[in-house]
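Trainee: here's a sequence, model it:
(chains A and B, ligands or ions: 1)
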Amino acid sequence: MNQIDRRTFIKLLGAAGIISSANGFVFPGSAMAKSKARVVVVGGGFGGATCANYLRQYDSSLNVTLIEPNVQFITCPFSNTVLAGMKSINFITHNYDGLRKNHGVNIMHDTVISIDASAKKIKLKSGKTLAYDRLVVSPGISFNWHEIKGASAENSKIMPHAWKAGAQTLLLRKQLEAMKDGGNVIIAAPRKPFRAPPALYERASLIAHYLKKTKPSSKILLIDSSGDSEELAMFRKGWEKLYKGMIEWVDGSEQGEIVSADTKALSLTGRTIGTLKGDVVNLIPPQHAGKIARVTGLADESGWCPVNPQNFASTLQKNIHVIGDACIADPMQKTGHSANTQGKICAAAIVIELNGGTIPDVTYNTGIYSLLNPKYAFSSAGVYRLKNGKLKQVAGGLSAKKASRKTRLKEARFASGWYKGITMDTFGKT
Amino acid sequence: MMKQKKCMTRNVSVHLLTISAVTLLLSINTVMAAAPNKIKMMADACLTCHGPNGSGSGKIPELKGLEKSDITESLFGFKSGDEKSTIMGRYAKALSDDEINLLAEYFSALDK
Ligand SMILES: Cc1cc2nc3c(=O)[nH]c(=O)nc-3n(C[C@H](O)[C@H](O)[C@H](O)COP(=O)(O)OP(=O)(O)OC[C@H]3O[C@@H](n4cnc5c(N)ncnc54)[C@H](O)[C@@H]3O)c2cc1C
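Mentor: You can find the predicted model right below:
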């Protein structure tokens, strides 16, 4: 293209029916030409990336900017397969090219440090200020370190959480690889609400899968503050079959959660469970909404953000929507699938509100596949609808309790299909 | 001589550009904006698993361009439980008969 200047290029595109604008391409046949509003989306994870993508799909006249500090996004979904050595970190790494090139989303690699809701402006770490008509906030979670004595971001280099994927995932994998046969792995979970509770049982399963092959005398101690559940019962049945005697489940409910961590002794102490020592300690701390949501008055005293589930508008700040793990959308679980669903519904609601119209009654779908090994999986699905302003479950549930090996294998294959589908859908790949 | 060569290069580039502009137009067509309404929103919910455009994703089947009657038969079957499934029964039970018909119409109208 070195022989042709930008103007000629634009003219050619114009001839082909494509009009260029300063903010990227405006798609032909703009769907809802009225709005031309500026929507800024904070956080390029499952909620934010989906929302930015669908805002542009639903209204090509919108100027949509996605702000995300990282050039690549490493997904928590399937990160347990990286811990087990089944997949490489590359498999769970994605970029923003699809959103930029296929959907005309402006991507800014930066961090939002403050939001001025009355002036409708945000400040970025780079010093820039950005104005918006609507702001969508999807910052995921942050950790509430101070609830556990001895726990901190620094100490997570010794006791990794691996509950945000990336360096932490690789660190825990390295520790598992270095552990001797006969070692003890402790996985300690926080009390609810936290990100993706079923992923905890998947983690215990896939670590057991790795240990069974390479260090079969090792054990896993799972400290679980959520107590018993139908879902746990299904996992325990699977563990009995696949990993007999390897995974010990410790009931950490009823005040049993971890209160202190000793990184020198590699031990954890809980009120009712005493002190437990491990060779590898995966300490997953209590969680709340991502910091930016909490410091800008979007979260209530629970640490999470109340929203109107019809459009995910904050009930605390005007013209701001909160989606994904950070928002309170009970009874939807905090999962990538939920965040993706909320991203789409929030995008549609914003477009409808900007152009005039009513938000239709639709289903809110979510689901999560859990792998017990590469050929054995089951799923939990949930479908919700709005009833009197609240989300009510209308369908869903767990896979059949009794199923053939073939059915579990089928679900393991569907888990891979789900991963491919949601990452393409979220990150705008075609 | 030099001049002529430059001119030729330019012509080739222009051709290439026209082609890439057309390709761009075609690829943009696949993600062309469409206003959100009930059925568009509900169809988009399927794409989380079934992939962009309902093209299918790994072992998860394709939806686009299927016969309308095949889609309605499957979905009504999943809903009643007459058709066996691992997960679709748990989703289809949430759909009204009208929604099933509209979803079938939507996906059958997409080009294969
Ligand atoms: C081990 C594990 C396995 C999981 N498996 C599954 C699964 O199988 N299926 C499933 O559905 N879910 C799964 N989940 C849950 C899923 O990862 C989360 O629910 C999902 O990531 C939530 O999306 P989100 O958009 O709220 O947050 P995230 O996806 O975490 O995205 C938040 C983004 O915001 C950015 N950000 C934060 N603050 C700022 C700021 N101030 N400025 C700019 N950007 C900012 C961050 O960099 C990040 O990229 C799993 C989770 C874990 C831990």
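Trainee: surely residue A:312 touches residue A:347?
Mentor: No. When contacts are counted by CB atoms under 8 Å, residue A:312 is not listed as touching residue A:347 (9.6 Å). Bear in mind the C-beta positions are built from the backbone N, C-alpha and C, glycine included.
Trainee: which one's more surrounded, those two?
Mentor: Between residue A:312 and residue A:347, residue A:347 has the larger neighbour count (other CB atoms under 10 Å in any protein chain shown), namely 31 against 27.
Trainee: backbone dihedrals for that one, please?
Mentor: phi -60, psi -50 (degrees, to the nearest 10).
Trainee: show me where chain B has helices.
Mentor: B:2-29, B:38-50, B:68-80, B:88-92, B:97-108 (DSSP state H).
Trainee: can you count the residues close to the closest residue to chain B within the stretch 201-350 of chain A?
Mentor: The minimum distance from the stretch 201-350 of chain A to chain B, using CB to the nearest CB, falls at residue A:348 (3.6 Å). Using other CB under 10 Å, residue A:348 has 27 neighbouring residues.
Trainee: ok, now which ones touch the residue nearest to it when sequence neighbours are not counted?
Mentor: Using CB to CB, 6 or more residues apart in numbering or on different chains and skipping the chain neighbours, the partner closest in space to residue A:348 is residue B:36 (3.6 Å). Contact partners of residue B:36, counting by CB atoms under 8 Å, 6 or more residues apart in numbering or on different chains, are A:58, A:347-348, A:351-352.
Trainee: my read: the residue of the stretch 201-350 of chain A closest to chain B touches residue A:357, true?
Mentor: No. Distance between residue A:348 and residue A:357: 10.0 Å, which falls outside the contact criterion (CB under 8 Å).
Trainee: residues near residue 40, how many?
Mentor: This is for chain A. When neighbours are counted by other CB under 10 Å, residue A:40 registers 26.
Trainee: sorry, should have said chain B
Mentor: Taking other CB under 10 Å as the criterion, the count of residues near residue B:40 is 17.
Trainee: what is the burial count for the residue in the stretch 51-200 of chain A that chain B sits nearest to?
Mentor: Minimum separation of the stretch 51-200 of chain A from chain B (CB to the nearest CB) falls at residue A:60, amounting to 3.7 Å. Look at residue A:60: counted by other CB under 10 Å, it has 25 neighbours.
Trainee: related to what we said a few turns ago, how far does the helix or strand hosting the residue of the stretch 201-350 of chain A closest to chain B sit from its chain's centre?
Mentor: Element membership for residue A:348, per DSSP states H and E: helix A:336-355. Mean-position distance between helix A:336-355 and its chain equals 16 Å (CA atoms, centre = their mean, to the nearest Å).
Trainee: what of stretch B:53-72?
Mentor: 9 Å.
Trainee: contact partners for residue 71?
Mentor: Going with chain A. A:95-96, A:109.
Trainee: wait, chain B
Mentor: Residues in contact with residue B:71 (CB under 8 Å, 6+ apart) are B:63, B:103-104, B:107-108.
Trainee: follow-up on the earlier one: what sits against the residue of the stretch 201-350 of chain A closest to chain B?
Mentor: Counting by CB under 8 Å, 6+ apart, residue A:348 makes contact with A:54, A:58, A:359, B:36, B:40-41.
Trainee: ok, now with 10 Å
Mentor: A:51, A:54-55, A:57-59, A:311, A:359-360, A:362, B:35-38, B:40-41, B:44 (CB atoms under 10 Å, 6 or more residues apart in numbering or on different chains).
Trainee: in ChimeraX, how would I select the buried members of those?
Mentor: Here is the ChimeraX command that selects the buried residues among these (16 or more other CB atoms under 10 Å in any protein chain shown):
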select /A:51,54,55,57,58,59,359,362 /B:35,36,40,41,44
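Trainee: just the buried ones from the contacts of residue A:71, in PyMOL syntax?
Mentor: With 16+ other CB under 10 Å as the criterion, this PyMOL line picks the buried residues out of these:
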select buried, chain A and resi 96
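Trainee: and which of the contacts of residue A:71 is nearest to residue A:211?
Mentor: In terms of CB to CB, no member of the contacts of residue A:71 lies closer to residue A:211 than residue A:95, at 32.9 Å.
Trainee: pLDDT score assigned to residue 42?
Mentor: Chain wasn't specified; assuming chain A. Predicted confidence (pLDDT) at residue A:42: the value is 99.
Trainee: ah, no, chain B please
Mentor: 98.
Trainee: swap in residue B:34?
Mentor: You'll see residue B:34 listed with a pLDDT of 88.
Trainee: and if you look at residue B:69?
Mentor: Confidence at residue B:69, expressed as pLDDT, is 98.
Trainee: any low-confidence regions in the chain?
Mentor: Since no chain was named, I'll use chain A. Across chain A, residues meeting the criterion (pLDDT under 70) sit at A:1-35.
Trainee: you answered for a different chain; I wanted chain B.
Mentor: B:1-32.
Trainee: which helix or strand contains residue A:199?
Mentor: When elements are assigned from DSSP H and E, residue A:199 belongs to helix A:198-214.
Trainee: next SSE downstream of that helix?
Mentor: Elements were assigned by DSSP H and E; along the chain past helix A:198-214, the next helix or strand is strand A:219-224.
Trainee: and the helix or strand just after that next one, does that touch chain B?
Mentor: Scanning forward in sequence from strand A:219-224, with DSSP H and E defining helices and strands, the next element found is helix A:230-242. No. Contact between helix A:230-242 and chain B, assessed by CB under 10 Å from any CB of the partner chain, is absent, since the two come no nearer than 13.8 Å.
Trainee: for helix A:230-242, buried residues please.
Mentor: For helix A:230-242, a neighbour-count test (16+ other CB under 10 Å) marks A:231-232, A:234-235, A:238-239, A:242 as buried.
Trainee: and it, what does it pack onto?
Mentor: Counting contacts by 3 or more CB pairs under 10 Å, 6 or more residues apart in numbering or on different chains; DSSP states H and E, helix A:230-242 is packed against helix A:198-214, strand A:219-224, strand A:247-251, strand A:364-373, strand A:376-387, strand A:390-398.
Trainee: and these as TSV, adding distance to chain B and mean neighbour count?
Mentor: Formatted as TSV, the entries for these read as follows, by distance: least, CB to the nearest CB, whole Å; neighbours: other CB atoms under 10 Å in any protein chain shown:
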stretch	distance to chain B	mean neighbour count
helix A:198-214	14	22
strand A:219-224	25	23
strand A:247-251	25	17
strand A:364-373	5	24
strand A:376-387	4	21
strand A:390-398	4	16
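Trainee: is stretch A:222-237 up against the ligand anywhere?
Mentor: No. With CB under 6 Å from any ligand atom as the threshold, stretch A:222-237 lies outside contact range of the ligand, at a closest distance of 13.4 Å.
Trainee: just stretch A:416-424 next, same as before
Mentor: No. Using CB under 6 Å from any ligand atom, we find that stretch A:416-424 stays clear of the ligand, coming within 7.1 Å at best.
Trainee: and that stretch with chain B, contact?
Mentor: Yes. Using CB under 10 Å from any CB, a contact is recorded between stretch A:416-424 and chain B, made by A:416-424.
Trainee: how near is whatever residue of chain B ends up closest to the ligand to residue B:54?
Mentor: Closest approach between chain B and the ligand, counting by CB to the nearest ligand atom: residue B:48, at 9.0 Å. Plainly put, residue B:48 is 11 Å away from residue B:54 if you go by CB to CB, to the nearest Å.
Trainee: can you check residue A:286 too?
Mentor: Here the distance between residue A:286 and residue B:54 works out to 39 Å (CB to CB).
Trainee: between residue B:48 and residue B:54, which contacts overlap?
Mentor: For the pair residue B:48 and residue B:54, residues contacting each of them under the criterion CB under 10 Å, 6+ apart are residue A:421.
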